[in-house]
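Colleague: requesting a structural model of the entry that follows:
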Amino acid sequence: MASAFLSIVQKIIRKGNLKLTLANGETHTIGDGTGDLVAARVADEEAERLIRRDPTLKLGEMYMDGRFILEQGNIYDFLALVKQNTTNEIFDIPMAALLIGRIALQQLKSRLPVNHNKRNVAHHYDLSEKLFELFLDEDWQYSCAYYNPPGISLEEAQVAKKRHIAAKLLLQPNQRALEIGSGWGGMGMYLTESTPGLDLTGITLSEEQLKISRERAQKRGLNDRLRFELQDYRTMKGQKFDRIVSVGMFEHVGIGNFGNFFRKVHELLADDGVMVLHSIARPKPRFGTNAFIEKYIFPRAISPRSAKRCRPSKRRTFWSATSRSCRCTMPTRCAIGASASWRARPKPWRFMTNASSACGSSIWPAPKWASAGMSFSSCRSRFPRTSIPPPTIATISPRTRRS
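Modeller: Modelled structure (predicted):
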């Protein structure tokens with residue numbers, strides 16, 4: 001079985017420089033020898049069998065369990081090595097069947113009437129605040145920053161993002177605003193403080209985020225105009241807002257609910273209102289989430305495909321990345337970030353640098369830390385290869401248009 005495992009690694013790694021030590025002690029040099037050396041070791045033959053059978057899920061699990069060990073380089077270096085090659089050569093019938101089954105199950109779950117939104121959000125966000133302090137900026141911004149100009153700090157880029165989104169909202173004094181997915185409160189506080197008389201409601205399904213948001217708003221004396229609620233957007237009724245903003249939340253809506261999301265926004269937005277949506281996007285359609293991300297990081301989440309064009313409509317409806325039934329009257333799409341590599345670099349690097357204070361402690365057990373490191377590194381390794389721009393979508397109602 002060791003030879004079967006070695007065979008798929010040799011098929012994948014054509015470029016690069018990998019030294020692989022198998023469970024039986026054999027060491028093999030794989031690749032064309034270019035680039036920095038990455039040295040990995042597999043601890044036992046069962047780990048080799050599991051990774052061979054299901055590399056998408058089991059490679060990450062074996063890394064978490066300490067059975068796939070990196071002896072030179074880190075997990076980012078290894079994933080970057082894999083991603084500069086292609087995995088098409090190892091795609092056989094059993095793997096295809098496994099992939100199709102997972103996609104079918106994810107598609108089915110995303111369309112079931114059972115609401116697991118709160119549980120899914122809690123899985124990722126209801127963790128120790130000390131953990132997030134390890135890698136977020138001082139305003140606790142978790143979504144992509146705006147590195148304009150390139151080379152500015154993470155804190156400066158997050159301020160630039162908030163300023164950019166506020167400008168697209170076309171905010172006016174004394175309006176009512178809604179933030180769907182309010183995080184730790186930074187965007188809501190920025191908009192409230194920068195717009196006289198603005199009355200803003202931020203909603204989240206994370207109890208940890210809610211607690212921290214309310215504490216921060218109270219300290220800054222904003223409770224009279226800014227409130228945070230534990231609320232699912234899908235159950236909101238009987239309210240109208242002049243402005244709606246959602247930053248980094250659309251990825252959690254689920255592949256079967258994009259249309260429902262925009263219909264709810266349509267219901268909540270005033271006739272002359274403006275809605276701004278900021279989301280990570282991908283250039284090609286995808287029908288399911290990576291098995292490791294789905295199980296350990298973001299259950300039911302998926303990055304939508306970036307729409308190439310929107311059809312005009314006489315009705316005030318909304319852009320959707322996947323649903324043809326949702327159209328728009330006036331979208332604008334712009335890349336948040338001058339460089340995809342700049343966007344992705346700071347948070348993983350901060351996390352890895354500060355990890356020793358969290359790994360294996362009460363803040364985060366070692367396997368959980370490893371899963372986050374795997375996720376961050378996977379995302380970071382994609383950017384130089386795919387250059388996916390996270391767009392801001394500003395959907396503006398007809399009566400709000402500026403000539």
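Colleague: residues in contact with the closest residue to residue 249 other than its chain neighbours?
Modeller: Nearest residue to residue 249, sequence neighbours excluded (CB to CB, 6 or more residues apart in numbering): residue 181, at 2.7 Å. Just so you know, the C-beta spots here come from the backbone N, C-alpha and C atoms, and that holds for glycine as well. With contact set as CB atoms under 8 Å, 6 or more residues apart in numbering, residue 181 has these partners: 203, 204, 246, 247, 248, 249, 252.
Colleague: and residue 181, how far from residue 103?
Modeller: Per CB to CB, to the nearest Å, residue 181 is found 25 Å from residue 103.
Colleague: what do you get for residue 4?
Modeller: Taking CB to CB as the measure, residue 4 falls 25 Å from residue 103.
Colleague: of those two, which one has the most company?
Modeller: Neighbour count, other CB atoms under 10 Å: between residue 4 and residue 103, residue 103 has more, with 15 against 11.
Colleague: tell me if that one really is in a helix.
Modeller: Yes - under DSSP: H, G, I helix; E, B strand; the rest coil, residue 103 falls within a helix.
Colleague: what are the ranges of the helices in the stretch 201-350 of the chain?
Modeller: For the stretch 201-350 of the chain, the helices defined by DSSP state H, counting those that start in this stretch occupy 207-219, 258-268, 291-292, 340-344, 346-354.
Colleague: rank these by pLDDT, which is bottom?
Modeller: Per-stretch mean pLDDT for the helices of the stretch 201-350 of the chain is lowest at helix 340-344 (a mean of 39).
Colleague: what's the neighbour count on the spatially closest residue to residue 246 that is not a sequence neighbour?
Modeller: Excluding its sequence neighbours, the residue lying closest to residue 246 (CB to CB, 6+ apart) is residue 180, at 4.1 Å. Counted with other CB under 10 Å, the neighbours of residue 180 add up to 25.
Colleague: quick check: bridge partners of residue 180?
Modeller: residue 203 (DSSP bridges).
Colleague: tell me the contacts of it?
Modeller: Contact analysis of residue 180 by CB under 8 Å, 6+ apart lists 203, 233, 244, 245, 246, 249, 265.
Colleague: in strands, which of the residues you listed appear?
Modeller: Judged by DSSP state E, strands contain the following of the contacts of residue 180: 203, 244, 245, 246.
Colleague: filter these to the buried ones?
Modeller: The neighbour count (16 or more other CB atoms under 10 Å) marks 203, 244, 245, 246 as buried among the ones in strands among the contacts of residue 180.
Colleague: show the pLDDT at the last one.
Modeller: What the model reports for residue 246 is a pLDDT of 94.
Colleague: surely it and residue 182 touch.
Modeller: No - counting by CB atoms under 8 Å, residue 246 stays clear of residue 182, with 9.3 Å between them.
Colleague: may I see the buried residues of stretch 139-149?
Modeller: Buried-residue list, stretch 139-149, by 16+ other CB under 10 Å: 139, 140, 141, 142, 143, 144, 145, 146, 147, 148.
Colleague: farthest-separated two in those?
Modeller: Taking CB to CB as the measure, those span a maximum distance of 21.0 Å, between 140 and 148.
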